[in-house]
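> with the sequence up front, the predicted model follows.
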Amino acid sequence: HCYSEQVGTLGNLGRDPRGWSTTLVYLCLVDPEVEVTHGCWHPLSNLPGLSLAFDHVQLIAKGLERLRIKSRYSTLPLHLLGPEFTLSEVQRAFEIILQTPMNTAAFRKRIHRADILVDTGRKRTGKQRPAILYRLESPCCVMFDQVMHGAE
């Protein structure tokens, strides 16, 4: 299971030295434990050092840009979490993608207002107080009523 959406279609004579080519660019969010049949996974932090064919660095950048933009107005980052997660983990996912800290109270209010999380009745214990574990009610991507902003 993965989240998938088409980001764009690119085609021209200059993309590939062999001639005209067309590419459909998709943003897919999959579990990193999924085994790859051809190729391998790389962290985005390794992207600048990777040697990729043609304009593939730009294609990846388009997918990342789509993830960041859509994360400002939807619950898309929830698809990057496991089957159960805490609200702190949800907030951290948004902060990493949007590259900005979030006001915790405002963030939690917005997430709860989206009405897509289900309390599992379980808690994660650790060094701090126990945190409620949630799961997604459905695998869909819900749009927020306002754009998400950072703490500033």
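Received it, and whenever you're ready, just let me know what you need. Just so you know, these numbers come straight off a predicted model, no measurement behind them. Residues are numbered from 1 along each chain as shown.
> going by C-alpha atoms from here, please, whenever you check contacts or count neighbours.
Fine.
> G19 contacts L13, doesn't it?
Yes - contact status for G19 versus L13: in contact at 5.6 Å, counting by CA atoms under 8 Å.
> what about the protein, any weak spots by pLDDT?
Of all residues in the chain, those with pLDDT under 70 make up the ranges 1, 150-152.
> which helix of this structure spans the most residues?
Determined from DSSP state H, the single longest helix within the chain is helix 56-71.
> now that helix: buried residues?
59-60, 62-68, 70-71 (16 or more other CA atoms under 10 Å).
> and which of those is nearest L78?
S71 (9.4 Å; CA to CA).
> mind listing the helices for the chain?
56-71, 87-98, 104-113.
> just put those helices in CSV and tack on distance to V7.
Shown next, in CSV, are those (distance: least, CA to CA, whole Å):
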stretch, distance to V7
helix 56-71, 6
helix 87-98, 17
helix 104-113, 25
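> quick revisit: hmm, which two among the buried residues of helix 56-71 are most spread apart?
Every pair of the buried residues of helix 56-71 checked by CA to CA; the farthest is L59 and S71, at 18.5 Å.
> ends of stretch 131-147, what's the gap?
Stretch 131-147 has its terminal residues 27 Å apart, counting by CA to CA, to the nearest Å.
> repeat that for stretch 132-141.
Stretch 132-141 end-to-end distance (CA to CA) = 22 Å.
> for that stretch, the distance to its chain's centre please.
14 Å (CA atoms, centre = their mean, to the nearest Å).
> give me the most central residue, this structure.
In the chain, the C-alpha nearest the mean C-alpha coordinate belongs to P77, at 4.1 Å (CA atoms, centre = their mean).
> what's that residue in contact with, if anything?
P77 makes contacts with 71, 90, 93-94, 97, as judged by CA atoms under 8 Å, 6 or more residues apart in numbering.
> now the strands for the protein?
For the chain, applying DSSP state E gives strands covering 3-12, 21-29, 117-124, 131-136.
> winner for burial among those strands?
strand 131-136 (a mean of 18; mean count of other CA atoms under 10 Å).
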